[in-house]
Every structure is written in C-alpha cells, then in structure tokens.
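Asks: Fold the following and give me the result.
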Amino acid sequence: MQPLPNLPQKLKSAQVLVRFVFRLLILTGFALFGSVGFGRSLIALLWMSVVLCAVIALMRREQFMGTDLNHWDEMAAYAALCALVSATGR
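Replies: Modelled structure (predicted):
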C-alpha cells in the first residue's frame, strides 16, 4: 500500500472565499425553511458555524491572524454576520 501524497495544509485565500460563499448560501437556504422564521434561524445557523469553524481551526492548528485566510477568518466573518443579522432583525 502506497502512502498518501503530501496534501497541502493551507488553502489559498481564494479557495477559502469560495468555501465561505458556498456555505453561506447553504445556511441561507436552510434558514428559509426554518419554522421559527428566517432571521432567528439564520442567527442560530451562523452561531453554529462560528463554533464549527473555531473547532476546525483548533483541530487543524491553523495560525490565528496568519497571512492566508483560514477557518479563524471564516469564524470572524460568521460572527460579524450574526451580529449584523441580530441587530437588524429584532
């Protein structure tokens, strides 16, 4: 059995941006069908995304405030969106 090739640990910033937009579209789609309303569903899903990104960043030992975008930056973006939605939605 051959060993796995060395996979890059870092993703390019463009790939992280595409991943963020794709996940945000999925979250918005799920929030549209939430039984408690769009705003409250989106806030809950964004909070879950904040926690998930923090856990993934810790598991992958990504550098906080690094030169490339990573899960820490994605977590900050989800937290900012969550604050924005909760401030405008209530």
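
Asks: what's downstream of the lengthiest helix in the chain, the next helix or strand?
Replies: In terms of residue count, the longest helix belonging to the chain (DSSP state H) is helix 38-60. Next helix or strand after helix 38-60 toward the C-terminus (DSSP states H and E): helix 71-89.

Asks: That next one: which residues count as buried?
Replies: The neighbour-count check on helix 71-89 (16 or more other CB atoms under 10 Å) flags His71, Trp72, Asp73, Glu74, Met75, Ala77, Tyr78, Ala79, Leu81, Cys82, Val85 as buried. C-betas here are computed from N, CA, C, even on glycine.

Asks: for stretch 19-27, same thing?
Replies: Quick answer for stretch 19-27 (16+ other CB under 10 Å): Phe20, Arg23, Leu24, Leu27.

Asks: need the contact list for the closest residue to Gly66 other than its chain neighbours.
Replies: The shortest distance from Gly66 to any non-neighbouring residue, by CB to CB, 6 or more residues apart in numbering, is to Trp72 (7.8 Å). Trp72 makes contacts with Cys53, Ala54, Ala57, Glu62, Gln63, Phe64, Met65, Gly66, as judged by CB atoms under 8 Å, 6 or more residues apart in numbering.

Asks: In the protein, where is pLDDT below threshold?
Replies: 1-11, 89-90 (pLDDT under 70).

Asks: With secondary structure and distance to Ser41 added, can I get the buried residues of stretch 19-27 in JSON lines?
Replies: JSON lines is the format used below for these (DSSP: H, G, I helix; E, B strand; the rest coil; distance: CB to CB, whole Å):
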{"residue": "Phe20", "secondary structure": "helix", "distance to Ser41": "19"}
{"residue": "Arg23", "secondary structure": "helix", "distance to Ser41": "15"}
{"residue": "Leu24", "secondary structure": "helix", "distance to Ser41": "14"}
{"residue": "Leu27", "secondary structure": "helix", "distance to Ser41": "9"}
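
Asks: nearest to Ala14, of the contacts of Trp72?
Replies: Gly66 (15.4 Å; CB to CB).

Asks: sorry, back to before: any chance you could list what contacts the longest helix of the chain?
Replies: Contacts of helix 38-60 (CB under 8 Å, 6+ apart): 9, 23, 27-28, 30-35, 64, 70-72, 74-75, 78-79, 81-82, 85-86, 89-90.
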